[in-house]
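Colleague: Sequence and computational prediction follow.
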Amino acid sequence: MTYEQMVEVLDWAGGHDQMVRVVTTDNTIVMGVPTSVDTHITAHEVYLRPAGIDDTEIAISLGDIQMVELVES
């Protein structure tokens, strides 16, 4: 999956409150709803809100992601 495809899926999912499954380069799987995607060189990360945990966000470097897919609700 290309960087552009990952950012596109993350942006779309965040705008539609849709959950995604993120697979990192070390094969860790993280699921959540993107709350922000920052492609600027100084940040270069996505924040995810895990399902059922509204007061928590997880930051993942965009460079550490190998795949993103929408999760069917």
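Modeller: Looks like it came in fine.

Colleague: Return the distance of the residue of the chain most remote from its centre relative to residue 10.
Modeller: Relative to the centre of the chain, the most outlying C-alpha is that of residue 42, 17.4 Å out, by CA atoms, centre = their mean. Separation of residue 42 from residue 10 (CB to CB, to the nearest Å): 18 Å. The way it works is simple: take the backbone N, C-alpha and C, and place the C-beta from them, glycine included.

Colleague: before we move on, what about residue 19?
Modeller: Per CB to CB, residue 19 is found 12 Å from residue 10.

Colleague: Between the two, tell me which one has more neighbours.
Modeller: Neighbour totals were compared for residue 19 and residue 10, and residue 10 leads with 23 against 17 (other CB atoms under 10 Å).

Colleague: Would you enumerate the residues in contact with the more buried one?
Modeller: When contacts are counted by CB atoms under 8 Å, 6 or more residues apart in numbering, residue 10 touches 20, 34, 37, 46, 68.

Colleague: What residues sit buried inside the one helix or strand it maps to?
Modeller: If you go by DSSP states H and E, residue 10 is part of helix 3-15. Neighbour counts over helix 3-15 (16 or more other CB atoms under 10 Å) mark 6-7, 9-10, 13-14 as buried.

Colleague: Using CSV, write out every CA atom in it.
Modeller: The C-alpha trace of helix 3-15 is given here as CSV (Å, rounded to 0.1, in the frame of the first residue of the first chain):
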residue,chain,number,x,y,z
TYR,A,3,1.8,6.3,1.4
GLU,A,4,-0.7,8.3,-0.5
GLN,A,5,-3.3,5.4,-0.3
MET,A,6,-2.8,5.1,3.4
VAL,A,7,-3.3,8.9,4.0
GLU,A,8,-6.4,8.9,1.7
VAL,A,9,-8.0,6.0,3.7
LEU,A,10,-7.1,7.6,7.1
ASP,A,11,-8.5,11.0,6.0
TRP,A,12,-11.7,9.6,4.6
ALA,A,13,-12.3,7.4,7.7
GLY,A,14,-11.6,10.3,10.0
GLY,A,15,-14.1,12.5,8.1
